[in-house]
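Q: Just to be clear, the model below is a prediction. Sequence and coordinates:
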Amino acid sequence: MRKALFLIVSLACSERAAAVEVKPVIDAQIMGGQNYYNGAESSFGGVMSLTASPYTKFNDRWSLVPIYAGSYRGTQQVADLVGGGTLFQDSQGHIFSSKLIRSFFNGLKLKVWGGYGIDLLRETQNENWGRGLYDSRRVFGGAEGEWSWASDRTARLAYDHYRIGFPNYASLESSQINAGLGRELSEPDVLNNTNHALTLGARTGLPWNGYADLSASYTLRQYPDQHRVIASGDLEGETRHDNLQSLSTQGTWPVFVKSHKRLFTSAGYTWSRLDSDQNNYDTAQVTLNPNFYSYMTHSLNHRWTLLMGPDASPWALNLNGSLSRQTYADRRTQDAAGAYGAGATRVDSAYIGLGGSYPIAKGFNLAANAYFGWNDSNNQDNRVYRYHYNTQTYLMGFTYAY
């Protein structure tokens, strides 16, 4: 694989050196503000991100795009890593990747890429970076074919392969079970997974000068070290396999476009389904919960964007929101003490965001954002997973694009 990629790059570079163009691309932000979780005020938190790429065009056919993308989020967040929400105090991520693009004159582009990523998550403020239980490493690669035959007519087919490892998830079995996690998650390396993903996407025009983005994807996820748990609470030889499917559609329209005023709106819907053959064994209730991790999600989103001023440096206002319902058909509800009921667990989420930016110099913008989120469920057992919470985040700072 490495030799083949080296050969392709060498062929691309063999063209006339004078034709090579390097265009640096930079997108950065640094913002600070206040975060509230369930009404409790946290310490002053910051959000920073940087994406940098020396986009290199060898000629009309070959391009190379090395990318670094890094971010730090100093506000509390809830992430789903073990079948439900886990609260983290702050996080950071770093991705190093490179993409090679072969362009054809008929609008076809072939792309191959590869890279490495790191995600660091802290559950407490005094935890050392790099020692988090859910820190992960990702190695990935893929290929894509994209064909564009008009400004708003494209189709693409992509394959991704990636492996995610959790090097610190090696706690003793007793500590994991005492924390409330099921018997199936009590061994080292059980979160490590290998993924194969296929994605089919398209863009097409819509009436009233709009366009639609459509996509369908399928991911096979394998957990080579996570054995399936059975009714006795023992682990069998078979390991866990998940199948993730998703469909999404997003429509965007200009509401009005005048000399220095442009208003756009977009609305979308996403359906996703995870089918897992893994069960859950609750040691406290001595109960097996079949298909515990399988779920179906429906989500809606809507966005408004107002741009004022010249095209090169407008000031902007945006309002966006989303609603979603995630249903675990085979995960029974529980009360606050953990006793099981007869209903199926559902998790409802709502989100509203308001933001604005104002240009202050070439490439620089003053920005401010406010986010409000709510999460609710008919499952009252919050000992392990975060089913009930609300968040508010207020940020102000600067962005830069070049």
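A: Nice, I can see it.
Q: partners of A28 in the sheet?
A: L50, Y400 (DSSP bridges).
Q: cool, the one 4 residues further on as well?
A: G32 has these beta-bridge partners by DSSP bridges: G46, M396.
Q: Buried residues, the helix or strand containing K99. List them.
A: Element membership of K99 [criterion: DSSP states H and E] is strand 90-103. Across strand 90-103, burial judged by 16 or more other C-beta atoms under 10 Å covers 90-93, 95, 97, 99-101, 103. Glycine gets a C-beta too; all of them are placed from N, C-alpha and C.
Q: Could you check how far that strand is from the centre of its chain?
A: The chain centre lies 14 Å from the centre of strand 90-103; the measure is C-alpha atoms, centre = their mean, to the nearest Å.
Q: Show me what that strand packs onto, helices and strands only.
A: helix 2-13, strand 62-73, strand 108-122 (3 or more C-beta pairs under 8 Å, 6 or more residues apart in numbering; DSSP states H and E).
Q: Can you flag the weakest of those by average pLDDT?
A: The minimum mean pLDDT among those belongs to helix 2-13 (a mean of 49).
Q: low-confidence ranges in this protein?
A: Along the chain, the parts satisfying pLDDT under 70 run over 1-18, 43-44, 171-181.
Q: In which helix or strand does the spatially most central residue of it reside?
A: By C-alpha atoms, centre = their mean, the chain has its centre lying nearest to A79, at 10.3 Å. If you go by DSSP H and E, A79 is part of strand 77-80.
Q: Now do the SS call for E184.
A: The assignment at E184 comes out as helix when based on DSSP: H, G, I helix; E, B strand; the rest coil.
Q: who touches the nearest residue to it once chain neighbours are set aside in this structure?
A: With C-beta to C-beta, 6 or more residues apart in numbering as the criterion, E184 has its nearest non-adjacent residue at 4.2 Å, and that residue is V229. V229 sits next to 182-184, 235-236, 278-281, 288 when contact means C-beta atoms under 8 Å, 6 or more residues apart in numbering.
Q: ranges for the helices of the protein?
A: 2-13, 173-178 (DSSP state H).
Q: so where do the strands sit in the stretch 251-400 of the chain?
A: Along the stretch 251-400 of the chain, the segments classed as strands by DSSP state E, counting those that start in this stretch run 261-276, 280-282, 287-289, 295-308, 315-334, 340-361, 364-377, 389-401.
Q: Sheet partners, orientation included, of the second one?
A: Partner strands and pairing direction for strand 280-282 (DSSP bridges) are strand 287-289 (antiparallel).
Q: from the chain's centre, how far out does the partner strand sit?
A: Centroid separation between strand 287-289 and its chain, computed with C-alpha atoms, centre = their mean, is 30 Å.
Q: Show residues contacting that strand.
A: Against strand 287-289 from outside (C-beta under 8 Å, 6+ apart): 182, 229-231, 233, 279-282, 330-332, 340.
Q: List the buried residues in it.
A: So for strand 287-289, counting by 16+ other C-beta under 10 Å, buried means 288-289.
Q: What of stretch 141-160?
A: Quick answer for stretch 141-160 (16+ other C-beta under 10 Å): 141-142, 144, 146-147, 154, 156, 158, 160.
Q: Okay, and which of those residues map to strands?
A: 141-142, 144, 146-147, 154, 156, 158, 160 (DSSP state E).
Q: what's the most distant pair in these?
A: Using C-beta to C-beta, the pair of these lying farthest apart is G141 and T154, separated by 22.7 Å.
Q: And the contacts of the strand holding K99?
A: By C-beta under 8 Å, 6+ apart, strand 90-103 touches 5, 8-9, 12, 45, 60-77, 109-122, 125, 129, 140.
Q: the inter-axis angle of that strand versus strand 108-122?
A: 170 degrees (axes from the mean of the first three to the mean of the last three C-alpha atoms, to 10 degrees).
Q: If I take strand 90-103 and strand 62-73, what angle do their directions form?
A: With the same axes, to 10 degrees defining the directions, strand 90-103 sits at 170 degrees from strand 62-73.
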